[in-house]
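*Asks:* sharing a sequence plus its predicted fold:
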Amino acid sequence: MLAGPGLEGQCTGVTLGRVDPSGATSVVLECGPMLYRLTHDASGYGAEPLFPAPLAFTPLAVAVGDVTGDAIDDIVVTLSIGGVRELLVYPQLTSRQVAP
């Protein structure tokens, strides 16, 4: 497990995927109810939230891959609510690759 400044809860899930706006491969962390993208710059490592607010649940596992067939990696999480397993897909938008 991983914990650190800026991370909510202990990090228990990790995967690789193209969730960076540049299209580069990133490390995706599941830390409690939040999903983060690991970042690195001259000042060191950091964790950038992938969603603006915590998820309404704590995922059991996280994976990244192109689920929608648009050549952009999507985020997939599994969870258990009342003993029932669920799979949620968060599609990434191709507009994220367009510079403002």
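*Replies:* Thanks, I have the structure now. Numbers count the residues shown, from 1 in each chain.

*Asks:* in which helix or strand would I find Val28?
*Replies:* In this assignment (DSSP states H and E), Val28 forms part of strand 26-31.

*Asks:* for this protein, give me the ranges with low pLDDT.
*Replies:* Within the chain, the segments meeting pLDDT under 70 span 1-9, 21, 52-54, 93-100.

*Asks:* picking up where we left off before, what does whatever helix or strand comes next after the strand holding Val28 rub up against?
*Replies:* Later in the chain than strand 26-31, the nearest helix or strand by DSSP H and E is strand 34-41. If you take C-beta atoms under 8 Å, 6 or more residues apart in numbering as the criterion, strand 34-41 is touched by 7-9, 11, 19-20, 26-29, 45-51, 54-55, 59, 62, 75, 77. The way it works is simple: take the backbone N, C-alpha and C, and place the C-beta from them, glycine included.

*Asks:* hmm, who's touching stretch 74-86?
*Replies:* Contact with stretch 74-86 is made by 17, 19, 28, 30, 35, 50, 55, 57-68, 87-92, as judged by C-beta under 8 Å, 6+ apart.
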